[in-house]
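Q: Just a sequence and a predicted model for now, questions to come.
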Amino acid sequence: MTAYTTERNDTPLPETPLKEEEHLILDNVERLWTFRKIILGLVAATVILCALVMFAWSRQPRVFDVMEMVAERTGLAPEETGAGVATTVAVIGTAEVLLKKQGGYLRNDRFPPGWFLDNIPSWEFGVVTELRDAVRTMRNDFGRAQSQSVEDPDLMLAEAQFFFDDNSWILPATEGEYRKGIVAMERYLQRLTDDVPSDGLFFARSDNLQIYLAVVEKRLGNFAQRLSSSVRGLRFQDDPTNIARIRDSLLRSGELQQRTPWLEVDNVFFEARGYVWALFHTLQGIEKDFHDILVSRSALGQLHRILHKLELALTPVFSPVILNRSGFGIFTNHSLVLASYVSRANSAIIDLRLLLSE
């Protein structure tokens, strides 16, 4: 090998200049990668923001003091108000919280993040169920002297509005129809508190209260059964010849039910919590409006026990998910705990009805 050849091999080759087309391709690749990073960053930020909003909207509203709300709305001390004011204020306050809580009314949402939520919409349905029961009883019983008397026009309108489809998104929206129901209840409240005695009527009688409690009794019994159905079905360990007879007996009595589907367990849990939350406020109003009846029947203490059981059922849930394992398993069963409180409140309501009927 000659010196000329060695010198030539050690000399670096000159860089070949890129063509204009190659420069354009590299620029487009860099721009595409930058654009892709921006899009991924926006998507990640949107997901995080939606998750934070969903977490905030999933918090259940706290209970409120009905007597304090009576004083705020009427400007009168609770002992100065007439019959029906506290119950009406409880219904109005419950409906307003339903529409004005964090996130507003979510059950009819068609877009994220509300569209992704299911626990709070189930809670809202429980509240709506109790609102409908209370307003219907006010129209048919509390607001009428007897079966042949004329119905209150505002209570008629309020019942129709609260029985509107709870899942209507637009034309008309559920929120707008429920607000009309609130306005009708506010007109009824105004007539209860004005200077015209016969303008607004509310009949706090024992038979009327028993009718409402009978409805509540059925609701709580239904929730207790649905919550208990989160546990695996019954297993029979006795004589095999008696299994069919026992099963048929339980089916006829309604004790043996199909297990709640796994994806619906938390929905049933929050629906029951929503109903209990609304019922807690309605019974606060009933305690004030039916105070004399309850005292005369020695039933006031029984109503306080019911309120205590309902308050225990509203204890905050600190678990991020609703756990529903077997009844005596390692993990807790939130549905069975709530079913216990609901069943005890239901039993107390049955006893209260017996006291009122004596």
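A: Looks like it came in fine. All values derive from a computational prediction rather than experimental measurement.

Q: Sketch out the helices for the stretch 201-350 of the chain, chain order is fine.
A: Counting by DSSP state H, counting those that start in this stretch, the stretch 201-350 of the chain has helices at residues 206-228, 243-253, 265-289, 291-296, 300-313, 334-357.

Q: Compare those and say which comes out lowest on pLDDT.
A: Comparing mean pLDDT over the helices of the stretch 201-350 of the chain, the weakest stretch is helix 243-253, at a mean of 60.

Q: still on that earlier bit, and the helices of the stretch 201-350 of the chain, which is most packed in?
A: Among the helices of the stretch 201-350 of the chain, helix 265-289 has the highest mean neighbour count (mean count of other Cβ atoms under 10 Å), at a mean of 24. In short, each C-beta sits where N, CA and C put it, glycine included.

Q: list the helices and strands that helix packs on?
A: Applying 3 or more Cβ pairs under 8 Å, 6 or more residues apart in numbering; DSSP states H and E, one finds that helix 265-289 contacts helix 66-74, helix 85-100, helix 119-137, helix 206-228, helix 300-313, helix 334-357.

Q: Run the chain-centre distance for that helix.
A: Relative to its parent chain, helix 265-289 has a centroid offset of 9 Å by Cα atoms, centre = their mean, to the nearest Å.

Q: In contact with Asn338: list those residues for me.
A: That one is not Asn; residue 338 is Leu. Listed by Cβ atoms under 8 Å, 6 or more residues apart in numbering, the contact set of Leu338 reads Leu227, Phe269, Ala272, Arg273, Ala313.

Q: residues in contact with stretch 204-218?
A: Here stretch 204-218 has contacts from 83-84, 133-134, 137, 140-142, 279, 286, 289-290, 292-293, 297, 346, 349-350, 352-353, 356-357, using Cβ under 8 Å, 6+ apart.

Q: what's the residue closest to the geometric middle of the protein?
A: Nearest to the mean C-alpha position of the chain, by Cα atoms, centre = their mean, lies Trp123 at 1.6 Å.

Q: That one and Gln60 touch, don't they?
A: Yes - using Cβ atoms under 8 Å, Trp123 is in contact with Gln60, at 6.1 Å.

Q: shared neighbours of the two, anything?
A: Contacts common to Trp123 and Gln60, judged by Cβ under 8 Å, 6+ apart, are Arg273, Trp277.

Q: could the helices and strands packed on helix 265-289 go into a markdown table alongside distance to Lys37?
A: Compiled in a markdown table, these are given as follows (distance: least, Cβ to Cβ, whole Å):
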| stretch | distance to Lys37 |
| --- | --- |
| helix 66-74 | 52 |
| helix 85-100 | 40 |
| helix 119-137 | 35 |
| helix 206-228 | 48 |
| helix 300-313 | 50 |
| helix 334-357 | 43 |
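
Q: Next SSE downstream of the lowest-mean-pLDDT helix or strand in the chain?
A: Lowest by mean pLDDT, DSSP states H and E among the helices and strands of the chain is helix 3-10, with a mean of 50. Sequence-wise, the next helix or strand downstream of helix 3-10 (DSSP states H and E) is helix 20-57.

Q: in that next one, what counts as buried?
A: Residues of helix 20-57 classed as buried: Val53, Met54, Trp57 (neighbour count, 16 or more other Cβ atoms under 10 Å).

Q: Against Thr282, how distant is the first one?
A: Using Cβ to Cβ, to the nearest Å, Val53 is found at 31 Å from Thr282.

Q: before we move on, what about Ser122?
A: Ser122 is 20 Å from Thr282, by Cβ to Cβ.

Q: pretty sure Leu155 is touching Arg139, no?
A: Yes - with contact defined as Cβ under 8 Å, Leu155 counts as touching Arg139 (4.0 Å).

Q: Pick out whichever of those two has more residues nearby.
A: Legend: neighbour count by other Cβ atoms under 10 Å for Leu155 and Arg139, higher for Leu155 (26 against 21).

Q: In three-state terms, label the more buried one for me.
A: helix (DSSP: H, G, I helix; E, B strand; the rest coil).

Q: element containing Asp165?
A: Using DSSP H and E, Asp165 sits in no helix or strand.

Q: Please read off the pLDDT at it from the model.
A: pLDDT, Asp165: 95.

Q: ok, now which ones touch it?
A: Neighbours of Asp165 in contact, by Cβ under 8 Å, 6+ apart: Thr174.

Q: coming back round to it: quick one: closest of the helices of the stretch 201-350 of the chain to Phe164.
A: helix 265-289 (17.0 Å; Cβ to Cβ).

Q: quick one: the closest one to helix 85-100, angle?
A: 150 degrees (axes from the mean of the first three to the mean of the last three Cα atoms, to 10 degrees).

Q: Report how far apart the opening and closing residues of stretch 113-125 are.
A: End-to-end distance for stretch 113-125: 18 Å, by Cα to Cα, to the nearest Å.
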